[in-house]
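# Just the structure for this:
(one chain, ligands or ions: 2)
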Amino acid sequence: MLAAVQKNATRGDPRSVVKAIDQFCRQKEWAMNVGDEKGCILDSVVTEVNPATVLELGTYCGYSTVRIASLLPSNAKLITLEFNPDYAAIARQVIAWAGLEDKVQLVEGASGDWIPKMKEKFGIETFDLVFLDHWKDRYLPDTKLMEECGLLRKGSILLADNVICPGTPDYLEYIRNSPRYKSQYFKSHLEYTKVEDGLEKSVFLG
Ligand SMILES: Cc1ccc(Cc2cc(O)c(O)c(C(=O)NC/C=C/[C@H]3O[C@@H](n4cnc5c(N)ncnc54)[C@H](O)[C@@H]3O)c2)cc1
Ligand SMILES: [Mg+2]
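Ligands and ions are numbered 1, 2, ... in the order given. Sure thing, here's the model as predicted:
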């Protein structure tokens, strides 16, 4: 995938990086990037929220990191957590090829360890937008952890990938029944397939 980016994408052009990855995943080898169909929904939410602070859980190869960072205002900060060093190494190079290093802070480590350190380590008070796309059984515990650590403010947006496939039943149950969130489901398809999947957008009400 990285070779395809370096071969087919233009340095400093995030859209060409996104296009090169999507092309590679359609033609050569499927990979669990959010993809172009759900990616457009992600883009519209990022544009609407226009966040100054973003947290991404699960960088993988950096596809959604590039999509989000390319839409951020100049002073905005995207922190992305990835605990697999091999994926982190690839993602760093993908993000660099897109020319987005200044907007992105890739932290190698587990969300459970780093969420409690966001204030002290990165001076982050609250996140305007959180994109959840890591192991599906971590969405709920990490959301509760973010609440406990005071990282969500009235109006913070959580956007969760794969709420249908692979599925995040305990997260959906919690977020759709909690009086502290207002949720909306965006129906779509699992990346590069015709299988149903979707994104759940939830506003924290404080
Ligand atoms: C049945 C079935 C299987 C697979 C699919 C297809 C499918 C489609 C999708 O869009 C998917 O997002 C997924 C999926 O499983 N994603 C998990 C993504 C993990 C990445 O995040 C990293 N990570 C995982 N937990 C943490 C953590 N705590 N702290 C920091 N990084 C973490 C990992 O190191 C990986 O870089 C799968 C569809 C259906
Ligand atoms: Mg996903």
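
# Contacts only, for the closest residue to ligand 1 within the chain.
Residue of the chain nearest ligand 1, by C-beta to the nearest ligand atom: G58 (2.9 Å). Where C-beta positions appear, they are placed from N, C-alpha and C, glycine not excepted. By C-beta atoms under 8 Å, 6 or more residues apart in numbering, the contact set of G58 is 81-82, 111, 132-135.

# Sort out which of those are in strands and list them.
When DSSP state E is applied, these are split such that 81-82, 132 fall in strands.

# Emit the PyMOL select command for whichever of those residues are buried.
In PyMOL syntax, the buried subset of the ones in strands among the contacts of G58 is picked out as below (16 or more other C-beta atoms under 10 Å):
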select buried, resi 81+82+132
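
# Looking at the ones in strands among the contacts of G58, spot the one nearest ligand 2.
Minimum distance to ligand 2 across the ones in strands among the contacts of G58 is 8.8 Å, recorded for L132 (C-beta to the ion).

# Looking at the closest one now. What's its pLDDT?
If you check L132, the pLDDT there is 98.

# buried residues in the helix or strand containing K119?
Element membership of K119, judged by DSSP states H and E, is helix 118-122. By 16+ other C-beta under 10 Å, the buried positions in helix 118-122 come out as M118.

# Tell me, how many residues neighbour G39?
Applying other C-beta atoms under 10 Å, we find 23 residues neighbouring G39.

# ok, now which ones touch it?
Here G39 is in contact with 18, 22, 33, 63-64, 67 (criterion: C-beta under 8 Å, 6+ apart).

# So which bits of this protein are right by ligand 2?
Selection of the chain residues close to ligand 2 by C-beta under 5 Å from the ion yields 133, 161-162.

# Could you work out the most separated pair of the contacts of G58?
The most widely separated members of the contacts of G58, counting by C-beta to C-beta, are E82 and L132 (13.4 Å).

# For ligand 2, give me its nearest residue in the chain.
For the chain, C-beta to the ion, closest residue to ligand 2: D161, 3.7 Å.
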